[in-house]
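Trainee: okay, predicted coordinates and the sequence, questions at the end:
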Amino acid sequence: MGHPHHDGAAALERRAMQAYRIACHADVACAKPGNVRVGGPAHGMTARDFLRSARVSAAPLACLGLSIGERVLHAVRATRAEVGCNTNLGIVLLCAPLLHAWQRGEASADLRLALGRSLRELDVHDASCAFEAIALAEPAGLGHSARHDVRQPAQASLLQAMREAAARDLVAAQYVTDYADVFDLGLPALRRERARRGRECAAVALTFLDFLCAFDDSHVARKHGASCARELRQQARRCRSDVLAGAHWQQALHRLDRDCRQRGINPGTSADLTVATLLAERLGAAGQALAGSGSGSPQGEAGKA
């Protein structure tokens, strides 16, 4: 038998890795307009690339000894070494804080509160690691910034850098709102659609559509321009209206998917938010189970105290 503390920490990491991989697998198992899926490659990538990325990035993202920024950097490095392209930068940036927060002792009581604490503790080292990860991933349309440019040394905390980028980037916006869009839009949509449709892939795809209806997708805006992102949002709203009016959800989404693929449009940020929603739901349920059993996190604090 190993030391109880070590055994408990290892189990906590395994549970975090499993929750993350399940969320990533659901992402490619379900047909989301313009996105890579099983049997539907797009944008030079395949579902296998995403599944391999999830496999190799899971361990660093769940590592109790790493801060949030370190988790992001090690996950992106592992992904780049495995598939040679950017499959999951947004996913990694969103999932690292969620996993860090869940692994805190109090996360069994309220994941969202623990997440806020983890985000407020982000420092310059986290920013340096995240900047290096972003530069390594080379996301489409990255460009340059007068302040907090990822190609320059970090001068402020990661939270401060995300605050500056929040108006133009939905991933950054989650950092400064304690993931309001995930908890207030994504989770209710996922649960509503699951109850309404009775099918997991329908719930995932329509949650993605809700994100696409609510926001101009950041990835689309960076790569194709703000007007293209606005136009896609309007298309998504028409698609959602068709579904609400009784159109078969698969047929409605297929039409939008076909148009996105013909135009080379990938609403990647909406997909990243969907993965974060799936992970938050699994971690929230796991935290409630821990609370119900009367056992807290064996690690207490993960990463920084």
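Mentor: That came through, no problem.
Trainee: for Ala189, which residues are in contact?
Mentor: Contact partners of Ala189, counting by Cβ atoms under 8 Å, 6 or more residues apart in numbering, are 206-207, 210, 277. (Each C-beta comes from the backbone N, C-alpha and C, glycine too.)
Trainee: also Ser53?
Mentor: Contact analysis of Ser53 by Cβ under 8 Å, 6+ apart lists 24, 79, 82-83, 87-88.
Trainee: and it, helix, strand or coil?
Mentor: At Ser53 the chain is in helix, as set by DSSP: H, G, I helix; E, B strand; the rest coil.
Trainee: hmm, Cys228 is touching Ala221, no?
Mentor: Yes. Cys228 is within contact range of Ala221, at 7.4 Å (criterion: Cβ atoms under 8 Å).
Trainee: neighbour count: those two, which is higher?
Mentor: Ala221 (21 against 16; other Cβ atoms under 10 Å).
Trainee: I'd assumed the more buried one was in a helix, is it?
Mentor: Yes. Applying three-state DSSP, one finds Ala221 inside a helix.
Trainee: show me what the helix or strand hosting Pro97 is packed up against.
Mentor: Element membership for Pro97, per DSSP states H and E: helix 89-102. Here helix 89-102 touches helix 4-29, helix 47-62, helix 68-83, helix 111-120, helix 124-137, helix 170-176, helix 268-293, going by 3 or more Cβ pairs under 8 Å, 6 or more residues apart in numbering; DSSP states H and E.
Trainee: lowest average pLDDT across the ones you listed?
Mentor: Per-stretch averages of pLDDT across the helices and strands packed on helix 89-102 put helix 268-293 at the bottom, with a mean of 83.
Trainee: if we can go back for a sec, what's the angle between the helix holding Pro97 and helix 47-62?
Mentor: 30 degrees (axes from the mean of the first three to the mean of the last three Cα atoms, to 10 degrees).
Trainee: report the angle between the axes of helix 89-102 and helix 111-120?
Mentor: Going by the same axes, to 10 degrees, helix 89-102 is angled at 110 degrees with respect to helix 111-120.
Trainee: next one: helix 89-102 to chain centre, how far?
Mentor: Here the centre of mass of C-alpha atoms in helix 89-102, compared against the chain's by Cα atoms, centre = their mean, to the nearest Å, lies 7 Å away.
Trainee: swap in stretch 68-77?
Mentor: Worked out by Cα atoms, centre = their mean, stretch 68-77 lies 14 Å from the chain centre.
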